[in-house]
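Engineer: coordinates only, sequence not included:
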């Protein structure tokens, strides 16, 4: 399912859908398709909505990943279940998995599928313990794996469990008959509560491993961090020009990357092709830098995610920030943790972007300015609630 607008991830989703946000310098949806292929799942149907053609252009027919992909376009917002119903012609032959296009995971989905086949319920929900489940659907499940209660996004006082739905389901084709055609209809808000109310069986399966969606910047950064933590070795593709620089792996470096004198790179880190790192730059662990970037002398970057063609000036301090394509950060700036800067912005000299700030695309932050909260560009939408 790849239909959402990604409003909670703005300003990163004005020009791309959530599944196309780069994770370790390639689209998130590519990582997901590769994981499905490793699990032996080779028939994939992708439902498309907001800017869906970019996903289709990136994946093609799937042959590059050892799978076959069909695409179904939602002409209007149909909700999660309605979107699956819209792909019904591809799903009638056997039980099928439903996975969000913004999911990042290392879960054994084949194990969940086998569990469903052996069970008697028409739906199996993948479940995982969550520290704060208020943004998820929570369940009450008995020892026989049957779910008796389901509540979507509980408020304080309603959190009867921390066992949350991953949004991964295995469904029998008969479930499609319960979903209205061409209407907005959700699994969590509509279908599951109705089934429980009518005493129909829904099973839960406790998944093991790591899982998140990238529905907001914090979840995105968490996904990047654990993917980097899984790096076991150093990969250098093409030339990596080091002039008295210090490097500690693991890291991945693409073609034609250079590092200046007295610079240091501490992994796990990923750096894209044609990126230039000047003298006396420190790049700390859990950082990704895209292609065509420049980092000027004396800058320090820690646990940040920098997309393509970004220019970082001299003596800039960046910690835990996300910077979108073609943004320019001038000398002596400070970007604090949990800041998100949209594409083609200009952060002028000596500015401070405070923790939690969001800067919309194509804005200029004046020299020496301190930015808190949101700085919006009225040419773009401003909502941040929803998908």
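Structural biologist: Yes, it's here. This structure is a prediction, so every number in the text was calculated from the model and none was measured.
Engineer: doesn't residue 215 fall inside a strand?
Structural biologist: No: residue state for residue 215 (DSSP: H, G, I helix; E, B strand; the rest coil) corresponds to coil; a strand is not indicated.
Engineer: Quick one, grab the pLDDT at it.
Structural biologist: For residue 215, the pLDDT comes out at 85.
Engineer: what about it, how many neighbours?
Structural biologist: A total of 21 residues lie near residue 215 under the criterion other Cβ atoms under 10 Å. (Glycine included, C-beta is placed from N, CA and C.)
Engineer: Who are the contact partners of it?
Structural biologist: Residues near residue 215 by Cβ atoms under 8 Å, 6 or more residues apart in numbering: 6, 8, 9, 18, 102, 135, 387.
Engineer: Can you tell me which of those residues are buried?
Structural biologist: Among these, those scoring as buried are 6, 8, 9, 18, 102, 387 (criterion: 16 or more other Cβ atoms under 10 Å).
Engineer: before we move on, back to that, and the contacts of residue 215, which of them are in helices?
Structural biologist: Using DSSP state H, no member of those sits in helices.
Engineer: Out of the residues you listed, the closest to residue 265 would be?
Structural biologist: Nearest to residue 265 among those: residue 9, at 28.0 Å, using Cβ to Cβ.
Engineer: Using CSV, lay out the buried ones among the contacts of residue 215 together with pLDDT and distance to residue 113.
Structural biologist: CSV is the format used below for those (pLDDT from 0 to 100; distance: Cβ to Cβ, whole Å):
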residue, pLDDT, distance to residue 113
6, 87, 28
8, 90, 30
9, 94, 29
18, 94, 25
102, 92, 21
387, 64, 26
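Engineer: any idea which of these is closest to residue 347?
Structural biologist: Among the buried ones among the contacts of residue 215, and counting by Cβ to Cβ, the member closest to residue 347 is residue 9, at 20.0 Å.
Engineer: okay but the closest one is in contact with residue 217, surely?
Structural biologist: Yes: Residue 9 lies in contact with residue 217 (Cβ atoms under 8 Å); the separation is 6.6 Å.
Engineer: sec struct for residue 14, please.
Structural biologist: Following three-state DSSP, residue 14 is assigned to coil.
Engineer: Any idea how many residues pack against it?
Structural biologist: As a burial measure, residue 14 scores 20 neighbours (other Cβ under 10 Å).
Engineer: pLDDT value on it, please?
Structural biologist: We note a pLDDT of 95 for residue 14 in this prediction.
Engineer: I'd like the distance from it to residue 213, if you could.
Structural biologist: For residue 14, the distance to residue 213 equals 19 Å [Cβ to Cβ, to the nearest Å].
Engineer: Residue 239 now?
Structural biologist: Between residue 239 and residue 213 the distance is 37 Å, computed by Cβ to Cβ.
Engineer: thinking again about what came up before, can you list the contacts of residue 215 in CSV and add distance to residue 155?
Structural biologist: Output for the contacts of residue 215, formatted as CSV (distance: Cβ to Cβ, whole Å):
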residue, distance to residue 155
6, 24
8, 18
9, 23
18, 25
102, 24
135, 11
387, 19
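Engineer: longest single strand anywhere in this protein?
Structural biologist: strand 163-171 (DSSP state E).
Engineer: what's that one packed up against?
Structural biologist: Contacts defined by 3 or more Cβ pairs under 8 Å, 6 or more residues apart in numbering; DSSP states H and E place strand 163-171 against strand 96-98, strand 103-105, helix 109-118, strand 123-129, strand 137-141, strand 203-206, strand 211-213.
Engineer: quick one on the thing from earlier: just give me the closest of the contacts of residue 215 to residue 189.
Structural biologist: Using Cβ to Cβ, residue 387 is the member of the contacts of residue 215 that lies nearest residue 189, at 12.6 Å.
Engineer: ok, back up a step: show me which of residue 239 and residue 213 is the more surrounded one.
Structural biologist: Counting neighbours by other Cβ under 10 Å for residue 239 and for residue 213 shows that residue 213 has the greater number, 21 against 10.
Engineer: Tell me the bridge partners for that one.
Structural biologist: For residue 213, the beta-bridge partners under DSSP bridges are residue 103.
Engineer: tell me the SS of residue 53?
Structural biologist: Secondary structure, three-state DSSP: residue 53 is helix.
Engineer: between the contacts of residue 215, which is closest to residue 235?
Structural biologist: Nearest to residue 235 among the contacts of residue 215: residue 102, at 25.8 Å, using Cβ to Cβ.
Engineer: And the closest residue to residue 113 other than its chain neighbours, what's its pLDDT?
Structural biologist: Spatial nearest neighbour of residue 113, excluding adjacent residues (Cβ to Cβ, 6 or more residues apart in numbering): residue 170 at 5.6 Å. Predicted confidence (pLDDT) for residue 170: 97.
Engineer: Same question for residue 75.
Structural biologist: For residue 75, the pLDDT comes out at 88.
Engineer: Ramachandran angles for it?
Structural biologist: Backbone geometry at residue 75, expressed as degrees, to the nearest 10, gives phi -80, psi -20.
Engineer: got a list of what the spatially most central residue of the chain touches?
Structural biologist: Centroid-nearest residue in the chain, with Cα atoms, centre = their mean: residue 214, separated by 3.1 Å. Counting by Cβ under 8 Å, 6+ apart, residue 214 touches 9, 18, 21, 23, 28, 102, 104, 220, 223.
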